[in-house]
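Chemist: Predicted model follows, preceded by the sequence.
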Amino acid sequence: MSEAVANSVKLAQRVQRIGVSATLAVVQEAERLRARGVDLVDFGPGEPDFPTPDNIKRAAIRAIEENFTKYTPAAGTTELRQALAAWHGRELGTAYSAAECIVTVGGKHGIFNAASALLERGDAVLIPAPYWVSFPEIVNYVGARPVPVSTDEANGFRLTAADLERAWVDSTRMVILNSPNNPSGAVIEAEEAARILELCRRRGAWLLTDECYSHFVYDGKPFSLAALPEAKPHVIVTGSLSKTFAMTGWRIGFTLAPEPVVQAMNRLQSHSTSNPTSIAQKAALEAVTGPMDSVGQMLDEYRRRRARILEGVRRLPGVRCAEPRGAFYVYPNVGEWMRKSGVGSTTELARRLLDEARVVVVPGEAFGTTEHIRLSYATSMERIEEGLRRLEQFFSA
Ligand SMILES: Cc1ncc(COP(=O)(O)O)c(C=O)c1O
């Protein structure tokens, strides 16, 4: 697009407040190289490399054959809302009703609508760093103010109530948690979660907990903040079937929240997206009522890959890496290597890795830290081995 065309269109303020994802430049360049037939090892993807389980796919095919192809209620079918609330209760120990559950077009949509329903212009939203790129952008879009909260790398980037308390400002209206965390893999322990909840309760702020990686934890069991005693009036759970059931393209997520919040989100949804796709809703129903074996199988495979990639990146000179306790990312610190090599930013490093080693990583600047890169191990063991070989050559050169 020419500059003249770009300047001729006056865009609304609210959309000017958000940027294109900082990761996009590297991804676009990787696409260009791939199209030219260049053999890349791609540690970029934020999605499972597994196919959607067969039972879920069959449920969608059945839905089409049975003509379940029309509008549904904007908040999703009552059957699915009930099933999601029950599944969450069984898996994570919460007690939500269908009326406290809304089906969304992916987990991101739930965060977007909850933020739209609850935040006023100027409200501060505390977001622990490193954070998923869309959190600050959504907050910016609705006119609120993202406030990054530093976490301690030596503590595996696990947020503490003390970290939050230090960053608290008078206008704080919401805290966004993401455990297991993208990009660091950090998992907040139940006792700390209780302290964080207590802080939010005392100070009158919402606690939005993005639990889209809930089932990918390597020590202990999946956990929801909303299962803590007396949590429900203060907590908004945004969940997703994208990662848990390898369903990223189906676009089904859900939000569990006090009824007035769900109703406000429903109003918003009824005038924007309307219902999530009817066919995908039937697939989702099968996911949360059918067998869960495939989730355990994926977790076992991720566990194997995590051990290998962690060992591999920790062996790279000038690189250290906190142990990720969940999700499917490692987030190594490359600061020492960068200082020795005169590389000024992780964006520059990611660019060089792409050009010289043919390896795709996501620069930490996208996630609010300056010395890290994110590697996803949602790729085969064979590609992980090849990628580690290339990284070793690059970092040792
Ligand atoms: C932390 C986090 N939250 C939410 C999402 C959104 O998932 P979806 O909209 O596909 O359900 C992602 C996807 O990468 C994520 O990493």
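Modeler: Yep, that arrived.

Chemist: Can you read off the pLDDT for residue 23?
Modeler: Note on residue 23: pLDDT of 63.

Chemist: Alpha carbons only: can I get the helix or strand that residue 374 is a member of in CSV?
Modeler: According to DSSP states H and E, residue 374 maps onto strand 373-376. Taking C-alpha atoms only, strand 373-376 is exported to CSV below (Å, rounded to 0.1, in the frame of the first residue of the first chain):
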residue,chain,number,x,y,z
ILE,A,373,12.8,-15.7,22.9
ARG,A,374,9.8,-18.0,22.8
LEU,A,375,10.1,-21.4,21.4
SER,A,376,7.0,-23.5,21.0
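
Chemist: How far off centre is that strand?
Modeler: 13 Å (Cα atoms, centre = their mean, to the nearest Å).

Chemist: by contact count, what packs against the helix or strand just after it?
Modeler: Next helix or strand after strand 373-376 toward the C-terminus (DSSP H and E): helix 381-396. Contacts defined by 3 or more Cβ pairs under 8 Å, 6 or more residues apart in numbering; DSSP states H and E place helix 381-396 against strand 41-42, helix 293-314, strand 359-360. Bear in mind the C-beta positions are built from the backbone N, C-alpha and C, glycine included.

Chemist: Residues contacting the longest one, please?
Modeler: Meaning helix 293-314. Here helix 293-314 makes contact (Cβ atoms under 8 Å, 6 or more residues apart in numbering) with 48, 50, 53, 215-216, 218, 244-246, 319-321, 323-324, 328, 330, 332, 375, 377-379, 381, 384-385, 388, 391-392.

Chemist: Could you check the angle it makes with helix 381-396?
Modeler: 20 degrees (axes from the mean of the first three to the mean of the last three Cα atoms, to 10 degrees).

Chemist: Can you name every helix or strand that whichever helix or strand comes after helix 293-314 contacts?
Modeler: The C-terminal neighbour of helix 293-314 among helices and strands, as given by DSSP H and E, is strand 329-330. Counting contacts by 3+ Cβ pairs under 8 Å, 6+ apart, strand 329-330 packs against helix 293-314, strand 373-376.

Chemist: wait, which of the ones you listed is closest to the ligand?
Modeler: strand 373-376 (9.8 Å; Cβ to the nearest ligand atom).

Chemist: Check whether the closest one comes near the ligand.
Modeler: No - figure legend: strand 373-376 not in contact with the ligand (Cβ under 6 Å from any ligand atom); closest approach 9.8 Å.

Chemist: Parallel or antiparallel, list what pairs with that strand.
Modeler: strand 329-330 (antiparallel), strand 362-363 (antiparallel) (DSSP bridges).

Chemist: Which residue lies nearest the spatial centre of the chain?
Modeler: By Cα atoms, centre = their mean, the chain has its centre lying nearest to residue 182, at 5.3 Å.

Chemist: That one - nearest residue in space that isn't next to it in sequence?
Modeler: residue 132 (4.8 Å; Cβ to Cβ, 6 or more residues apart in numbering).

Chemist: any idea how far the one you found is from the ligand?
Modeler: 4 Å (Cβ to the nearest ligand atom, to the nearest Å).

Chemist: same check, this time on residue 170
Modeler: Distance from residue 170 to the ligand, by Cβ to the nearest ligand atom: 28 Å.

Chemist: Quick check: pLDDT value at that residue.
Modeler: pLDDT, residue 170: 96.

Chemist: Tell me if it really is in a strand.
Modeler: No - using DSSP: H, G, I helix; E, B strand; the rest coil, the assignment for residue 170 is coil, not a strand.

Chemist: Can you report phi and psi for it?
Modeler: Torsion angles at residue 170 (phi, psi; degrees, to the nearest 10) stand at phi -60, psi -40.

Chemist: What about it, how many residues nearby?
Modeler: 6 (other Cβ atoms under 10 Å).

Chemist: Ok, residue 348 next?
Modeler: The number of residues near residue 348, taken as other Cβ under 10 Å, comes to 14.

Chemist: so which strand or helix has it?
Modeler: Assigned by DSSP H and E, residue 348 falls in helix 346-352.

Chemist: Could I get the buried residue list for that helix?
Modeler: 346, 347, 349, 350, 351 (16 or more other Cβ atoms under 10 Å).

Chemist: wait, what's in contact with the nearest residue to the first one once chain neighbours are set aside?
Modeler: Looking back up the chat, that one is residue 346. Distance criterion Cβ to Cβ, 6+ apart; nearest residue to residue 346, sequence neighbours excluded, is residue 363 at 3.8 Å. By Cβ under 8 Å, 6+ apart, the residues touching residue 363 are 22, 23, 26, 345, 346, 347, 349, 350, 373, 374.

Chemist: swap the cut-off to 10 Å and go again
Modeler: 22-23, 25-26, 334, 345-351, 353, 369-370, 372-374 (Cβ atoms under 10 Å, 6 or more residues apart in numbering).

Chemist: Kindly state the beta-bridge partners for it.
Modeler: Under the criterion used (DSSP bridges), residue 363 bridges to residue 373.

Chemist: Check it and give its pLDDT.
Modeler: At residue 363, pLDDT is 94.

Chemist: that older thread, now the helix holding residue 348: mean pLDDT?
Modeler: On average, helix 346-352 scores 94.

Chemist: before we move on, what SS does residue 176 have?
Modeler: Criterion first, three-state DSSP; result for residue 176: strand.

Chemist: Tell me how many other residues surround it.
Modeler: Neighbours around residue 176, by other Cβ under 10 Å: 26.

Chemist: Can you name the residues that contact it?
Modeler: By Cβ under 10 Å, 6+ apart, the neighbours of residue 176 are 111, 114-115, 125-128, 131-132, 135-136, 138-139, 146, 149, 206-210, 236, 238.

Chemist: Now, of those, which are buried?
Modeler: Here, 16+ other Cβ under 10 Å leaves 111, 114-115, 125-128, 131-132, 135-136, 138-139, 146, 149, 206-210, 236, 238 buried among the contacts of residue 176.
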